[in-house]
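**Q** Below is the sequence, then the predicted model.
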Amino acid sequence: MAYIGKEPGSGLRGRFVYTATAGQTSFTGADSLGRTLTYTDGEYTDVFLNGVKLDKTDYTATSGTSIVLDSGASADDTLEILAFDTFGLFSGEFAQDVSVGGDLTASDDIKMTSDSAQITFGADSEVTLTHVADTGLTLKHTATADDKPINLTLATGETDMAANDVLGKISFQAPDEGTGTDAILVSGAVQARAEGDFSSSSNATSLDFMTGASEAATTKMTLTSAGKLGIGTTAPAYALEVNATAFQIAEFSTSNSGAGNIQIADGSTTAANPPYIGSVGDHLTFGRIGVAEYLRIQSGGGVSFNGDTAAANALDDYEEGTFTATLTAGTTAPSTPPTATGNYTKIGNLVNCRVVFNAVNTTGGAGYILVTGLPFSASSAGAYGDIMLHTMGSFSTTAANVATYIVGTSMVPYQSITTSGWATVTLNATSSGYLYFSATYPTAS
């Protein structure tokens with residue numbers, strides 16, 4: 001192969017011509033044409049004296065900036081120095097197209113300095129990477145036929161994937177942020193992470209979504225190979241698992257001003273009207289899509305049923321509990337007023353209570369029978385229940401019936417003594433008396 005220079009890969013670096021003075025041996029600096037002598041390797045220099053090439057033993061070339069003759073030159077002798085060096089075929093800019101039939105290796109930067117510059121790939125140039133001025137890059141499949149998406153694959157060369165090995169990762173960073181420290185750390189990333197050792201029958205992989213607050217980005221959300229989504233956990237056990245540190249875990253909203261709902265359907269049913277949990281205004285609702293609202297929790301408290309939306313009709317309380325009732329008398333209390341534990345159920349503004357005084361001692365008591373300590377105060381006095389007495393009350397011979405009369409938080413048994421009147425039941429002080437009663441009465445509490 002033809003080449004210019006002493007051997008392939010080297011070429012003429014410079015030619016320097018000097019006119020000698022009598023006895024001159026050292027030639028350096030600017031030559032007769034003003035060019036400064038320089039070379040990189042003395043082995044790659046040729047020296048001619050009056051057109052005759054000197055042998056390497058006739059001069060010394062080691063400094064890179066001078067040639068020293070072993071014998072002094074005569075006045076007006078011409079000394080010509082040719083310096084050779086390794087060289088590149090081109091260094092600079094040109095405006096012509098270049099075609100390379102083989103691989104092209106660049107040992108430094110490649111700069112594409114025009115807007116919309118493009119790199120194409122493939123024998124048909126069907127994949128392009130194009131510069132978008134002042135924006136970024138576009139990777140495109142140029143084929144116009146159906147089902148020709150662009151596919152970008154991040155692949156690892158690892159030959160033994162183990163649990164938690166990362167197959168590929170895309171990171172986001174602002175490394176030039178002037179405030180430094182946390183600001184220049186990776187602030188967001190998406191990575192594919194092996195869930196376990198890969199094998200011929202498994203490539204289980206999770207996608208981790210990573211963000212940073214005042215830190216290098218860490219995993220905040222994970223989608224597993226089983227399709228389970230974890231927020232705040234990298235190993236969700238359910239289709240959706242949220243592990244939050246804040247009091248409010250999630251919020252669902254809709255731009256629909258009428259109502260919003262979340263449908264809940266069993267995978268085994270094809271019903272067109274699945275159940276839902278929804279909201280109407282500030283009310284929480286439960287029902288079936290396209291059928292009816294079955295239950296509503298009112299914004300101000302209380303529960304409505306079967307499409308009744310009126311807050312005034314809502315059930316606003318339900319509770320169960322116990323209370324301590326005391327058996328006493330209207331005139332004089334027993335020496336030791338007996339007590340008993342009763343039970344109550346309160347539904348809305350209606351109270352049902354039950355209490356049993358079993359074989360109690362009412363010695364010392366006088367006047368009408370009086371039980372105090374009911375769990376809620378009656379909103380209006382009235383006869384609201386049933387009573388059974390044994391050896392404890394004295395009745396009129398004309399008494400037709402007896403009822404519990406609730407006033408405030410007390411119960412007084414009343415008897416019907418005539419066709420037009422009622423009277424209290426007198427306490428029969430005894431060492432072993434029995435009183436059972438239950439009552440259902442209204443309350444404002």
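**A** Received it, and whenever you're ready, just let me know what you need. Numbering: from 1, shown residues only.

**Q** partner residues bridging the closest residue in space to residue 151 that isn't next to it in sequence?
**A** Nearest non-adjacent residue to residue 151, counting by C-beta to C-beta, 6 or more residues apart in numbering: residue 141, 8.0 Å away. Quick note: C-beta positions are derived from backbone N, CA and C, even for glycine. Listed beta-bridge partners, residue 141: residue 127 (assigned using DSSP bridges).

**Q** Which residues are in contact with residue 141?
**A** Residue 141 is in contact with 126-127, 148-151, counting by C-beta atoms under 8 Å, 6 or more residues apart in numbering.

**Q** Then residue 403?
**A** Taking C-beta under 8 Å, 6+ apart, one finds 383, 385-387, 413-414 in contact with residue 403.

**Q** closest to residue 399 among those residues?
**A** residue 414 (9.9 Å; C-beta to C-beta).

**Q** so who does the closest one touch?
**A** Per C-beta under 8 Å, 6+ apart, neighbours of residue 414: 383, 402-405, 422-425.

**Q** Low-confidence regions, this protein specifically.
**A** The chain contains residues with pLDDT under 70 at 1-13, 86-96, 269-271, 420.

**Q** If we use 50, what do you get?
**A** 1-6, 8-9 (pLDDT under 50).

**Q** Pop the domain breakdown of it in here.
**A** Using automatic domain parsing, the domain ranges for the chain come out as 10-86, 273-313, 319-442.

**Q** got a markdown table for these, with distance to residue 265 too?
**A** Converted to a markdown table, those look like this (distance: least, C-beta to C-beta, whole Å):
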| stretch | distance to residue 265 |
| --- | --- |
| domain 10-86 | 76 |
| domain 273-313 | 4 |
| domain 319-442 | 33 |
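
**Q** re earlier: please list only the buried members of the contacts of residue 141.
**A** residue 127 (16 or more other C-beta atoms under 10 Å).

**Q** Name the nearest of the contacts of residue 141 relative to residue 57.
**A** Of all the contacts of residue 141, residue 127 has the smallest distance to residue 57: 61.7 Å, by C-beta to C-beta.

**Q** okay, the domains of the chain, which one's buried deepest?
**A** Stretch with highest mean neighbour count among the domains of the chain: domain 319-442 (a mean of 17; mean count of other C-beta atoms under 10 Å).

**Q** Span of that one from start to end?
**A** One end of domain 319-442 sits 15 Å from the other (C-alpha to C-alpha, to the nearest Å).

**Q** hang on, the earlier thing: of all the domains of the chain, which lies closest to residue 229?
**A** Nearest of the domains of the chain to residue 229, taken as C-beta to C-beta: domain 273-313 at 19.4 Å.

**Q** Please tell me how far the closest one is from the chain's geometric centre.
**A** 31 Å (C-alpha atoms, centre = their mean, to the nearest Å).

**Q** ok, now stretch 191-198?
**A** With C-alpha atoms, centre = their mean, you get 20 Å for stretch 191-198.
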